[in-house]
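S.K.: need a structure here:
(chains A and B)
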Amino acid sequence: EVQLVDSGGGLVQPGGSLRLSCAASGFTFSDHYMDWVRQAPGKGLEWVGRTRNKANSYTTEYAASVKGRFTISRDDSKNSLYLQMNSLKTEDTAVYYCARASGSYRILDYWGQGTLVTVSS
Amino acid sequence: DIQLTQSPSFLSASVGDRVTITCRASQGISSYLAWYQQKPGKAPKLLIYAASTLQSGVPSRFSGSGSGAEFTLTISSLQPEDFATYYCQQLKSYPLTFGGGTKVEIK
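M.R.: Residues are numbered from 1 along each chain as shown, chains lettered A, B, ... in the order given. Below is the predicted model of the structure:
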């Protein structure tokens, strides 16, 4: 059974940093691109970014709103995905989901349960 | 960036109704579109990809159509478990983007 478990959320002050993790199981993690998607309280979904697989050199893509502040990485030996968030702003407050991207369309077919990040003084 | 505009943003309907949600892209995206369902406090669930392909395990009352810049999600006969928020997502180019969502509530 495919499982994605998000963790690492919490309360952080503006300007601070936080690292989110996503533990994957039930599939060959190293084969897949992986995404982060967030959702501010009461708002819609916002795509944060993507890491490609080893075959595609682990390259990354980011939304403009987080580029230069957030970094997506992965450790295929640990079946884990990470989101390093620096210079956090109040508008980064959201539930953060990791998601598996599959197939030629790279659809998000499995999602973690989400972890809440609150940026506040 | 490709903008996706969903309409309506809110929909009130009864069990058994036929429901249609539209997603318009700011430029052509071929069939690089997916639809997701999200219930309160839960992660989104993939319903349809490639504009019209039903994800495994999704009931056949859900269907998608369209290509280019206009797409629709149809629920042929609304069931109690279908009351949720629906999002479209374009997969054509980065940054990937979502529509603003359509909340389907019980009339």
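S.K.: pull the residues that contact the helix or strand where B:Q37 lies.
M.R.: For B:Q37, the enclosing helix or strand under DSSP states H and E is strand B:33-38. For strand B:33-38, contacts defined as CB atoms under 8 Å, 6 or more residues apart in numbering or on different chains pick out A:45, A:105, A:107-108, B:23, B:25, B:44-51, B:62, B:64, B:66, B:71, B:73, B:82, B:84-91, B:101. Using the backbone N, CA and C atoms, a C-beta is placed for each residue, glycine as well.
S.K.: okay, buried residues for whichever helix or strand comes after that strand please.
M.R.: For strand B:33-38, the succeeding helix or strand toward the C-terminus, using DSSP H and E, is strand B:45-49. By 16 or more other CB atoms under 10 Å in any protein chain shown, the buried positions in strand B:45-49 come out as B:45-49.
S.K.: same question for stretch B:5-20.
M.R.: B:6, B:11, B:13, B:19.
S.K.: again with stretch B:35-43
M.R.: B:35-38, B:43.
S.K.: write out the residues of chain A neighbouring chain B.
M.R.: Contacts of chain A with chain B, taken as CB under 8 Å from any CB of the partner chain, map to A:35, A:37, A:44-47, A:50, A:61-64, A:97, A:103, A:105-109, A:111-114.
S.K.: rerun at 6 Å
M.R.: A:44-45, A:47, A:61, A:63, A:97, A:105-107, A:109, A:111, A:114 (CB under 6 Å from any CB of the partner chain).
S.K.: how close does the most centrally placed residue in chain B get to A:V12?
M.R.: What sits nearest the mean C-alpha location of chain B, by CA atoms, centre = their mean, is B:W35, with 3.9 Å. According to CB to CB, to the nearest Å, B:W35 and A:V12 sit 33 Å apart.
S.K.: I'd say A:T59 and A:R52 touch.
M.R.: Yes. Counting by CB atoms under 6 Å, A:R52 is a contact partner of A:T59 at 5.0 Å.
S.K.: for these two, indicate the residue with more neighbours.
M.R.: A:R52 (18 against 10; other CB atoms under 10 Å in any protein chain shown).
S.K.: closest point of chain A to chain B, which residue?
M.R.: A:W111 (3.8 Å; CB to the nearest CB).
S.K.: can you tell me who that residue pairs with across the strands?
M.R.: On the basis of DSSP bridges, A:W111 is bridged to A:A99.
S.K.: so which bits of chain B are right by chain A?
M.R.: Within reach of chain A by CB under 6 Å from any CB, chain B has these residues: B:34, B:43-44, B:46, B:49-50, B:87, B:91, B:94-96, B:98, B:100-101.
S.K.: which of these are buried?
M.R.: Looks like the residues of chain B next to chain A have B:34, B:43-44, B:46, B:49-50, B:87, B:91, B:95-96, B:98, B:100-101 buried, using 16+ other CB under 10 Å.
S.K.: residues contacting A:C22?
M.R.: A:4, A:6, A:81, A:98, A:112 (CB atoms under 6 Å, 6 or more residues apart in numbering or on different chains).
S.K.: mind checking which of the residues of chain A next to chain B are buried?
M.R.: A:45, A:47, A:61, A:63, A:97, A:105-107, A:109, A:111, A:114.
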